[in-house]
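Visitor: Model the following, please.
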Amino acid sequence: MGRRVLIVRVGAMGDVLHALPGVAALRAAEPECGIDWVVEPRWAPLLVNAEQKGPVVDRVLLAETRLWRSAPLSGATLRSIAGLRRAIRAERYDAVVDMQGTLRSAVIGRLAKVENFAGYADPREAAAARMYRRPLKRRGTHVVEQGVALLGEAYGLTLEPAAVMLPEEGWAEAWAEELVGTQRVCVLAASAGWGAKQWPAEGFGQLARELREEGFTVMVNATRREDPVARQVAEASGGAAEVVVCSVAGLMALLRRTAVLVGGDSGPTHLAAALGVPLVGLYGPTDPARNGPWGPGPKRVLRDAASVTSYKRRAEVDPGLARMEVAEVLGAVREVLG
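Guide: Purely as a prediction, here's the structure:
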C-alpha cells in the first residue's frame with residue numbers, strides 16, 4: 001500500500017461528482033495509494049456499492065449530517081460523531097484534503113490530526129480556512145479543474161481530470177432493465193437545489209408532450225412519490241410524462257439506459273454527464289463555465305442572456321430560465337442526439 005489520503009466532500013450529489021475526476025486522476029497516477037472518502041450516507045452509492053467496493057475509492061466513512069442537524073445534542077448524534085472520529089483516527093493518513101470548504105467539513109478533516117491538511121484559501125465558508133494547515137490558492141475556472149488542482153498540489157503531483165467510473169448495484173440494474181426494456185427514454189430532471197435554478201413545470205410539461213409525439217417514453221426523476229415539482233411536471237404534461245422514484249443507485253442504473261436527459265444545474269444532470277449520457281442543461285443563475293455538466297457525452301447547455309450569475313438561494317425562478325422557449329430546448333435535444 002502506498003501513501004494514504006482522506007477526501008472530505010460530504011455532499012451533495014453534483015459536488016461529489018465534480019470532485020471525482022481529481023480523485024480518479026490521483027488513483028491513476030498512484031494506483032497503490034489508499035483513498036478514503038468522508039461522505040453523507042445518501043451519496044455513498046456514488047462511490048461504493050453495497051459491498052463497499054468501488055472503482056476509485058477504497059472505503060467510505062459516513063458523516064451523518066442530517067442526524068447531526070436534526071438532533072445536534074442527542075445521544076445518537078454524539079455516538080455518530082465519536083464513531084467517525086474513531087474511524088478517522090484509526091488510519092494514518094499522509095494527507096487530508098477538504099474539497100468542500102465549509103466549517104463542518106474542515107472540522108471533520110482536523111480530526112485526522114495530520115500536518116498535510118489542505119483546503120482552499122478562499123473556501124465557501126471563510127472560517128474553514130483557519131482550520132487548514134495548508135490553505136492553497138484556488139486555480140482553474142470549472143469546479144472540476146479547481147478540485148484537480150487542489151488535490152494535486154496537496155499530494156505533490158501534477159494531475160489532469162480523469163474519466164470517472166461509478167459503481168453498479170445488481171438489483172438496481174435489474175430494476176432499470178425491466179423498467180426501460182426497449183423503450184427510448186428521456187429523463188426530465190426538473191428539481192434543483194433551489195427554485196431559481198428550476199425551469200418552470202409548464203415548460204417541462206410541454207416538452208414532455210412534444211417528446212412523446214417523437215416516440216420517447218418520458219420519465220420525471222423524483223426522490224419520493226410526493227415530490228411536488230415532479231408531480232407538477234407530470235400534471236402539466238397531460239399524461240405524457242410519468243414520475244419515477246429513484247434511489248441514487250436506481251437513478252444511475254436508469255440513466256445508463258437513457259437516450260437523453262434534460263435538466264437544470266442539479267445532481268441528476270451532473271450524474272448523466274459523468275455517465276456519458278447525452279444531455280441538455282438548462283442554466284440560469286449559476287455559471288456553466290464554473291458549474292456546467294462535466295463528462296464525455298454529447299451535451300448542450302442553454303442559458304438566456306437575461307440570466308445573471310448569482311448563487312443566492314432564491315425561490316423565484318430566474319428571469320432567463322422563465323424566458324426559455326420549449327422549441328429551443330427541443331431543438332437542443334435533437335442536436336445532442338444527432
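Visitor: Show me which residues of the longest helix along the chain are buried.
Guide: For the chain, the longest helix by residue count, based on DSSP state H, is helix 13-29. Across helix 13-29, burial judged by 16 or more other C-beta atoms under 10 Å covers 13-27. For the C-beta atoms, the positions are set from N, CA and C on the backbone; glycine is no exception.
Visitor: likewise stretch 200-209?
Guide: Applying 16+ other C-beta under 10 Å to stretch 200-209 flags 200-201, 203-209 as buried.
Visitor: and what of stretch 318-335?
Guide: 318, 320-322, 324, 326, 329-330, 332-333.
Visitor: Kindly report the same for stretch 165-172.
Guide: So stretch 165-172, judged by 16+ other C-beta under 10 Å, has buried residues 166-167, 169, 172.
Visitor: closest to Val260 among those?
Guide: Leu166 (18.7 Å; C-beta to C-beta).
Visitor: Quick one: mean pLDDT over the host helix or strand of Leu179.
Guide: Element membership of Leu179 [criterion: DSSP states H and E] is helix 170-180. Helix 170-180 comes out with an average pLDDT of 98.
Visitor: which other helices and strands contact it?
Guide: With contacts taken as 3 or more C-beta pairs under 8 Å, 6 or more residues apart in numbering; DSSP states H and E, helix 170-180 sits against helix 248-255.
Visitor: from the chain's centre, how far out does the helix it packs on sit?
Guide: Once both centres are worked out by C-alpha atoms, centre = their mean, to the nearest Å, helix 248-255 turns out to sit 13 Å from its chain's centre.
Visitor: tell me the angle of it relative to helix 13-29?
Guide: 80 degrees (axes from the mean of the first three to the mean of the last three C-alpha atoms, to 10 degrees).
Visitor: so what does helix 248-255 touch, helix or strand wise?
Guide: Helix 248-255 packs on helix 170-180, strand 185-189, strand 217-222, helix 267-275, going by 3+ C-beta pairs under 8 Å, 6+ apart.
Visitor: Averaged pLDDT, whichever helix or strand comes after the last one. What do you get?
Guide: This points to helix 267-275. The helix or strand immediately downstream of helix 267-275 is strand 279-283, counting by DSSP H and E. Here strand 279-283 scores 98 as its mean pLDDT.
Visitor: now swap in stretch 65-82 and tell me
Guide: pLDDT averaged over stretch 65-82 gives 96.
Visitor: Check what contacts it and list those residues.
Guide: 10-11, 40, 42, 64, 104 (C-beta atoms under 8 Å, 6 or more residues apart in numbering).
Visitor: now do stretch 127-146
Guide: For stretch 127-146, using C-beta under 8 Å, 6+ apart, the contacting residues are 15, 18, 21-22, 98, 101-103, 105-107, 109-110, 114-123, 148-150, 153-154, 161, 289-292, 294.
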